[in-house]
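> Just to be clear, the model below is a prediction. Sequence and coordinates:
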Amino acid sequence: MTQKVAGFLYTLWRTLCYRLAMKQKLNVVVVDWSWFCPAVMAAMRATGRRVTAVPRSGEDLARRVREACSQHQADCIFSINFNPLLAEVSHALNLPYLAWNVDNLVRSDFCEPRFASPSVWLFLIDKPSLNVYRQKGYPHVHYLPIASDLETFRPAPGTPARYDVSFVGCSMIREGNEFPGVMRDLKNRVDGAETPLDKRMYLLVDQVLRRMVEEECRDFFHPTLRERLDEAAQALGFDLAAVLWPDPAFFHIVLAKEISSRKRVKLLTALARRQPVDVFGDPEWAALGAPGLTCHPRADYPAQTARVYQQSRITLNIEKVYNTASLNLRIIDAMACGSFVLTEPVDDLADFFRDGVDLALFSSARELEEKTAYYLAHPDERERIAAHGQQTVSRHFSLRQRVDEMFRHLNDTHTCAGEGMA
């Protein structure tokens with residue numbers, strides 16, 4: 001009983017400290033480089049923080065950040081995705097550095113142990129990475145799911161639907177164009193000479209990736225990838241493992257982009273043969289010349305993207321193969337607009353949403369085609385699910401909530417040290 005009372009009093013004391021600290025405006029220097037950053041800064045300002053933006057582009061970022069911190073009496077530094085330079089600046093200035101990693105391809109070497117100082121707070125959108133960074137020695141690592149700017153992404157009553165099925169996203173064909181060049185470099189490393197691209201190696205990797213797309217493998221990092229590559233290489237008479245696996249991170253990124261591109265193209269072009277699909281993205285979509293695929297220019301974030309979601313009966317989400325754990329903005333933003341979302345499953349979905357209640361899931365090309373046809377033919381059910389999903393997002397996925405949660409973690413640590421921050 002005594003322990004319960006003590007626990008209650010401690011929780012009450014901590015809450016009071018936080019509320020008192022909230023009355024003092026926090027000065028935050030934000031390094032602005034991401035398309036998502038303006039929404040985060042707006043949420044910070046809306047929740048009472050003073051924000052100073054420092055563009056990432058330009059010369060001597062470290063000097064400009066130090067000057068901004070001095071001029072505006074900064075209490076902390078913030079960026080979307082971890083930046084080792086900012087970790088060093090914050091350590092030198094003895095200021096907290098908060099980094100929200102929202103990109104699944106944030107290079108792991110950026111967060112290597114030598115940057116794991118007590119001044120760094122890491123916020124991650126995927127749970128599996130929590131232990132990775134804790135094992136590297138980072139003392140402040142927290143799970144912070146992605147969230148939406150609900151002032152922009154919201155239903156637009158009375159707006160007519162223009163698109164039965166839409167997908168907002170790039171084809172990744174251009175983003176994956178490192179693939180042939182990397183294959184050429186690997187061949188050079190095999191025989192130690194600058195020679196033309198060896199077709200055998202290219203076809204080897206191409207064959208393995210093609211099989212993975214055909215078999216609809218969702219987990220790119222599944223061990224069968226390495227096993228298949230090694231087997232095929234041995235049949236051709238060279239040790240591929242010795243070339244690729246000593247430094248697998250970059251090669252994995254290249255292959256991940258390539259196979260993600262192939263998967264997106266396969267799913268959307270197959271669906272478009274049965275049901276017209278409107279795609280908003282890069283010019284490579286139009287270059288495919290796929291029947292039934294209507295290609296539009298890239299939708300600027302956030303306003304044009306929100307408009308597309310508000311005008312779509314069904315919004316598709318096709319995951320990249322290196323993201324099988326965390327929710328992405330396409331899911332959350334579309335649901336916030338009241339659009340019906342049809343998505344591949346990711347690990348975090350079940351923690352927040354229910355299939356057939358908030359959204360709908362598909363796990364294969366055939367299931368995508370079947371569920372698209374079904375929900376277009378059953379508008380009442382589709383709209384009921386979309387409305388429930390929109391309510392769930394509005395309760396649990398506000399960007400302002402995430403900002404408060406981020407600073408609450410920071411405040412808890414400083415409260416334990418006898419200070420208060422918000």
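Great, that's in hand.

> Strands of the chain, start to end?
27-32, 50-55, 76-80, 97-101, 120-124, 140-143, 163-168, 277-280, 293-296, 312-317, 340-343, 360-361 (DSSP state E).

> And the fourth one, what does it pack against?
What it means is strand 97-101. strand 76-80, helix 84-93, strand 120-124, helix 399-416 (3 or more CB pairs under 8 Å, 6 or more residues apart in numbering; DSSP states H and E). C-beta here means a position set from N, CA and C on the backbone, and glycine is covered the same way.

> if we go to 6 Å?
With contacts defined as 3 or more CB pairs under 6 Å, 6 or more residues apart in numbering; DSSP states H and E, the packing partners of strand 97-101 are strand 76-80, helix 84-93, strand 120-124.

> same check, this time on the third one
With contacts taken as 3+ CB pairs under 6 Å, 6+ apart, strand 76-80 sits against strand 27-32, helix 84-93, strand 97-101.

> Give me whichever of those is most buried.
strand 97-101 (a mean of 25; mean count of other CB atoms under 10 Å).

> pull the CA atoms of that strand into PDB?
Written as PDB, here are the backbone C-alpha positions of strand 97-101 (Å, rounded to 0.1, in the frame of the first residue of the first chain):
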ATOM      1  CA  TYR A  97      19.700  17.000 -29.600                       C
ATOM      2  CA  LEU A  98      16.400  15.400 -30.600                       C
ATOM      3  CA  ALA A  99      16.300  13.400 -33.800                       C
ATOM      4  CA  TRP A 100      13.100  11.800 -35.100                       C
ATOM      5  CA  ASN A 101      14.100   9.000 -37.600                       C
END
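
> Residues in contact with that strand: which ones?
Defining contact as CB atoms under 6 Å, 6 or more residues apart in numbering, one finds that strand 97-101 is touched by 76-82, 86-87, 90, 119-124.

> What pairs with it, parallel or antiparallel?
strand 76-80 (parallel), strand 120-124 (parallel) (DSSP bridges).

> Specify the angle between it and helix 399-416 in degrees.
140 degrees (axes from the mean of the first three to the mean of the last three CA atoms, to 10 degrees).

> Any regions of the stretch 101-250 of the chain where pLDDT drops low?
Across the stretch 101-250 of the chain, the ranges flagged by pLDDT under 70 are 104-110, 175-177, 180, 182-202, 217-226, 228-229, 232-233, 235-250.

> switch the cut-off to 90
The stretch 101-250 of the chain contains residues with pLDDT under 90 at 103-117, 126, 128-129, 132, 172-250.

> now the stretch 301-422 of the chain
Ranges of the stretch 301-422 of the chain meeting pLDDT under 90: 320-325, 347, 411-422.

> Now render the strands of the chain as TSV, adding distance to Val40.
Formatted as TSV, the strands of the chain follow (distance: least, CB to CB, whole Å):
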stretch	distance to Val40
strand 27-32	8
strand 50-55	9
strand 76-80	7
strand 97-101	7
strand 120-124	11
strand 140-143	16
strand 163-168	20
strand 277-280	23
strand 293-296	27
strand 312-317	22
strand 340-343	23
strand 360-361	29
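
> quick one: stretch 351-367 to chain centroid distance?
Between the centre of stretch 351-367 and the centre of its chain there are 19 Å (CA atoms, centre = their mean, to the nearest Å).

> Residues contacting stretch 350-366, please?
216, 267, 270, 341-342, 345, 368, 371, 388-389, 392.

> among the helices and strands packed on strand 97-101, which is nearest Arg330?
strand 76-80 (16.7 Å; CB to CB).

> Quick check: mean pLDDT of that closest one?
Averaging pLDDT along strand 76-80 yields 97.

> Can I get it in PDB? Just the C-alpha atoms.
Output of strand 76-80 as PDB, limited to C-alpha atoms (Å, rounded to 0.1, in the frame of the first residue of the first chain):
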ATOM      1  CA  CYS A  76      17.600  22.100 -27.700                       C
ATOM      2  CA  ILE A  77      18.300  21.200 -31.300                       C
ATOM      3  CA  PHE A  78      15.900  19.100 -33.500                       C
ATOM      4  CA  SER A  79      16.100  17.500 -36.900                       C
ATOM      5  CA  ILE A  80      14.100  14.900 -38.900                       C
END
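
> between that strand and strand 27-32, what angle do the directions make?
Using the same axes, to 10 degrees: strand 76-80 against strand 27-32 is 30 degrees.

> Show me how the chain divides into domains.
2-147+399-416, 150-169+298-397 (automatic domain parsing).

> Quick one: closest of the helices and strands packed on strand 76-80 to Leu288.
strand 97-101 (32.2 Å).

> Take the helices and strands packed on strand 76-80 and write them to CSV, including distance to Arg262.
Formatted as CSV, the helices and strands packed on strand 76-80 follow (distance: least, CB to CB, whole Å):
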stretch, distance to Arg262
strand 27-32, 34
helix 84-93, 33
strand 97-101, 26
